[in-house]
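>>> Quick one, structure for this:
(one chain, ligands or ions: 1)
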Amino acid sequence: MRVLFIINPIAGDIPKDEFIRFIKSEMIERELPLYTLYTTGEDDEQRLLRKVQEVKPHRIISVGGDGTLLLVCQTLLHKAIPIGIVPLGSANGMAEELGIPKNPIEALSVALDSLKKVPLDLILFNSHLYGMHIADVGMNAKLVEAYDKDPGRGLMTYAKYLLPVLENAPLLHFEILADGIEYHRQGYMLAIANAQKYGTGVIINPKGKFSDGKFELCILKDKSINTIMSAGLTIFSPELFRNESMEVISCEKASIKLKEKYMFQIDGEVIGEVDHITAEPVHNAIEVFVPHLRS
Ligand SMILES: Nc1ncnc2c1ncn2[C@@H]1O[C@H](COP(=O)(O)OP(=O)(O)OP(=O)(O)O)[C@@H](O)[C@H]1O
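As a prediction, the model looks like this:
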């Protein structure tokens, strides 16, 4: 079996040398050749495509956060190469969603040895951008942008921006066309969710399933601190979804127009300001390995 590891050396601000030595020893133990590609943040999709053509792997293992996994997923779209996940980023929402162990050694064992695969939809935004987990326009995207620009990482950096972003968040007007039905809504944020939880484990969207050919529009209608916490805008909240201020619309296709441009993020990557978003699922786009015992 040929296994290609895609390793993001900076993900999560976590030193990876020791873990890479562990990967090498596991591959030697299994008498398998080791193929690796380290991401650089530049031209990674093309580099990955070339590496896949060269190695022709039977499985690919993403070692990093949601951004690294999304890079792997969109590059492998319809290529029938299943993906394993070692969650070593600062946000690991999809791994959390799929029940992948948080411990990287246990996750590696699932990625290398599991035979159980599940299909995963991706979402195509504005006809050219892929997402796999949760994208949003509004407050959370603004928070992601502020966090992204800060050289600091982790909880304190995140917390630094929470209250200012909250205070200044404008009420946005959304004109939504979802499966042919029009909705006019106002809110502080609109999330487009292929799944239930943010990487924090906080449930934003209890209806979410990641391979049903559908996605959910989740409109946050107030910005009190309780609501924000249960919406997942803080990584220190253990709160679960119990939120009357969130409207959820499940659909297969959507177009969202905003009166003014506002910040948009997909799976933790800042896209920039937009005033129009279209979204459609790419059904069963890829397959990922999950633990055997997962129901
Ligand atoms: N060698 C590298 N140097 C700098 N940036 C990189 C490198 N490799 C990948 N990247 C960037 O890392 C990001 C993806 O990181 P990922 O989401 O996997 O981990 P993360 O710890 O959750 O990231 P972040 O904390 O920045 O959101 C992408 O923006 C990508 O361009």
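
>>> From now on I want contacts and neighbour counts done on CA atoms only, so please keep to that.
Fine.

>>> Where does pLDDT dip in the protein?
Scanning the chain for pLDDT under 70 picks out the ranges 154-155, 196-208, 225-244, 293-295.

>>> just how off-centre is the top strand by length along it within its chain?
As assigned by DSSP state E, the longest strand anywhere in the chain is strand 269-289. Strand 269-289 sits 10 Å away from the centroid of its parent chain (Cα atoms, centre = their mean, to the nearest Å).

>>> what's near enough to touch the residue in the stretch 151-295 of the chain positioned nearest to the ligand?
Proximity of the stretch 151-295 of the chain to the ligand (Cα to the nearest ligand atom) peaks at G268, 5.6 Å away. Contact analysis of G268 by Cα atoms under 8 Å, 6 or more residues apart in numbering lists 66-67, 91, 135, 144.

>>> same thing but 10 Å
65-67, 90-93, 131, 133-136, 140-141, 143-145, 147-148, 198-199 (Cα atoms under 10 Å, 6 or more residues apart in numbering).

>>> what's the distance between T39 and the ligand?
4 Å (Cα to the nearest ligand atom, to the nearest Å).

>>> can you name the farthest residue from the center of the protein?
E31 (32.8 Å; Cα atoms, centre = their mean).

>>> so that one sits in a helix?
No - remark: E31 does not belong to a helix; assigned using DSSP: H, G, I helix; E, B strand; the rest coil, it is coil.

>>> residue contacts, D212?
Contacts of D212 by Cα under 10 Å, 6+ apart are 119-121, 194, 252, 281, 283-284.

>>> Quick check: of those, which has the highest neighbour count?
N194 (29 neighbours; other Cα atoms under 10 Å).

>>> ok, that one touching L120?
Yes - counting by Cα atoms under 10 Å, N194 touches L120, with 9.3 Å between them.

>>> Residues in contact with both of these two, list them for me.
With Cα under 10 Å, 6+ apart, N194 and L120 have common neighbours 132-133, 209-213.

>>> Columns distance to E26 and secondary structure on top of those, output as TSV?
Formatted as TSV, the shared contacts of N194 and L120 follow (distance: Cα to Cα, whole Å; DSSP: H, G, I helix; E, B strand; the rest coil):
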residue	distance to E26	secondary structure
M132	29	coil
H133	30	coil
K209	33	coil
F210	31	coil
S211	31	coil
D212	35	coil
G213	37	coil
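
>>> how about the residues you listed in a markdown table, adding distance to the ligand?
Converted to a markdown table, those look like this (distance: Cα to the nearest ligand atom, whole Å):
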| residue | distance to the ligand |
| --- | --- |
| M132 | 12 |
| H133 | 12 |
| K209 | 21 |
| F210 | 19 |
| S211 | 22 |
| D212 | 25 |
| G213 | 24 |
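
>>> Among these, name the buried ones.
Buried members of the shared contacts of N194 and L120, scored by 16 or more other Cα atoms under 10 Å, are 132-133, 209-211, 213.

>>> Just the CA coordinates for stretch 169-187, please, in PDB.
Extracted in PDB, the C-alpha atoms of stretch 169-187 (Å, rounded to 0.1, in the frame of the first residue of the first chain):
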ATOM      1  CA  ALA A 169     -21.100  43.800  14.400                       C
ATOM      2  CA  PRO A 170     -23.700  45.400  12.200                       C
ATOM      3  CA  LEU A 171     -27.100  43.900  11.500                       C
ATOM      4  CA  LEU A 172     -27.000  42.500   8.000                       C
ATOM      5  CA  HIS A 173     -29.800  42.100   5.500                       C
ATOM      6  CA  PHE A 174     -30.000  38.900   3.700                       C
ATOM      7  CA  GLU A 175     -32.000  38.200   0.600                       C
ATOM      8  CA  ILE A 176     -32.100  34.400   0.300                       C
ATOM      9  CA  LEU A 177     -33.300  32.200  -2.400                       C
ATOM     10  CA  ALA A 178     -33.100  28.600  -1.100                       C
ATOM     11  CA  ASP A 179     -34.500  25.800  -3.300                       C
ATOM     12  CA  GLY A 180     -36.700  28.300  -5.100                       C
ATOM     13  CA  ILE A 181     -38.200  29.800  -1.900                       C
ATOM     14  CA  GLU A 182     -37.500  33.500  -1.100                       C
ATOM     15  CA  TYR A 183     -36.600  34.600   2.500                       C
ATOM     16  CA  HIS A 184     -35.900  38.200   3.600                       C
ATOM     17  CA  ARG A 185     -34.000  38.000   6.900                       C
ATOM     18  CA  GLN A 186     -31.800  40.100   9.100                       C
ATOM     19  CA  GLY A 187     -29.100  38.900  11.400                       C
END
